[in-house]
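In: Turn this into a model:
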Amino acid sequence: PAAACAFAARMIADGKARILMKGLVSTGVLMKAFLDKELGLTKGNLLSHVALFESPYYHKIICVTDAALNISPDMNEKVVIIQNAVNLYHALGIALPKVGILAAIETVNPKMEATLHAAAFKTMNQRNQITGCIIDGPFALDNAVSAEAAAHKNIISDVAGDVDILVTPEINSGNILYKSLIFLGGAITAAVITGGAVPVVLTSRADSEKSKYLSIALAVALG
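Out: You can find the predicted model right below:
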């Protein structure tokens, strides 16, 4: 598998292919090949995983990031993760996506880092340090996706109940949300790694054929 991934990454670097796709290999093996500095495919940027979902229980496509690549991103890395997802939405023709920063609660708690990050990102967005989107948070998941749930807690927000992009605190929560949407929520997904020279199709090996097909289509749209 490692040799096959290295060969595929070299094809990308040589201009013989425009999309890299994960097959029956681990994410680590694939990304090690893609991250080879000699190939220059990362362009020096932080890469991140962006997954789009069509859920029967939500009124539009919703995004989850980062569910598969960055393990425990710090605040600066999360800024890039947000921007990568926003750039993907721009490429798909959505000019001002709504970004919800997830935590366990919807208020700022100094003992909960995710809530501090959320408050900072909201301020950075208001002061044009993160642009091209509307950011709000912290949100518990229900407040982000349900206007009714937000209203019960007197949350007034343009993002609550109409969120486009959900930013998770770290990879554990992101991956659990990703797989919960699919296996318990009946959602269909398309997922890619963004931020590099080309998109990388990165789905779970357990994902359906349709999800893999849609992920390829998403990569083509971005490429």
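In: going forward, measure contacts between C-alpha atoms and count neighbours the same way
Out: Noted.
In: how much space between the closest residue in space to residue 145 that isn't next to it in sequence and residue 26?
Out: In space, not counting the residues next to it along the chain, residue 145 is nearest to residue 161; the distance is 4.3 Å by Cα to Cα, 6 or more residues apart in numbering. In this view, residue 161 and residue 26 are 35 Å apart by Cα to Cα, to the nearest Å.
In: Can you give me the buried ones in the top helix by length along the chain?
Out: Secondary structure of the chain per DSSP state H: the longest helix is helix 75-91. Of the residues in helix 75-91, 75, 78-90 count as buried by neighbour count, 16 or more other Cα atoms under 10 Å.
In: ranges for the strands of this structure?
Out: Along the chain, the segments classed as strands by DSSP state E run 20-21, 48-54, 62-65, 98-102, 134-139, 165-167, 188-194, 200-201.
In: Just put these in JSON lines and tack on mean neighbour count, distance to residue 7 and mean pLDDT.
Out: Output for these, formatted as JSON lines (neighbours: other Cα atoms under 10 Å; distance: least, Cα to Cα, whole Å; pLDDT from 0 to 100):
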{"stretch": "strand 20-21", "mean neighbour count": "20", "distance to residue 7": "11", "mean pLDDT": "93"}
{"stretch": "strand 48-54", "mean neighbour count": "23", "distance to residue 7": "22", "mean pLDDT": "97"}
{"stretch": "strand 62-65", "mean neighbour count": "23", "distance to residue 7": "28", "mean pLDDT": "98"}
{"stretch": "strand 98-102", "mean neighbour count": "27", "distance to residue 7": "37", "mean pLDDT": "99"}
{"stretch": "strand 134-139", "mean neighbour count": "26", "distance to residue 7": "40", "mean pLDDT": "98"}
{"stretch": "strand 165-167", "mean neighbour count": "27", "distance to residue 7": "33", "mean pLDDT": "99"}
{"stretch": "strand 188-194", "mean neighbour count": "25", "distance to residue 7": "19", "mean pLDDT": "95"}
{"stretch": "strand 200-201", "mean neighbour count": "26", "distance to residue 7": "15", "mean pLDDT": "94"}
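In: quick one: which of residue 161 and residue 26 has more around it?
Out: Higher neighbour count among residue 161 and residue 26: residue 161, with 21 against 13, using other Cα atoms under 10 Å.
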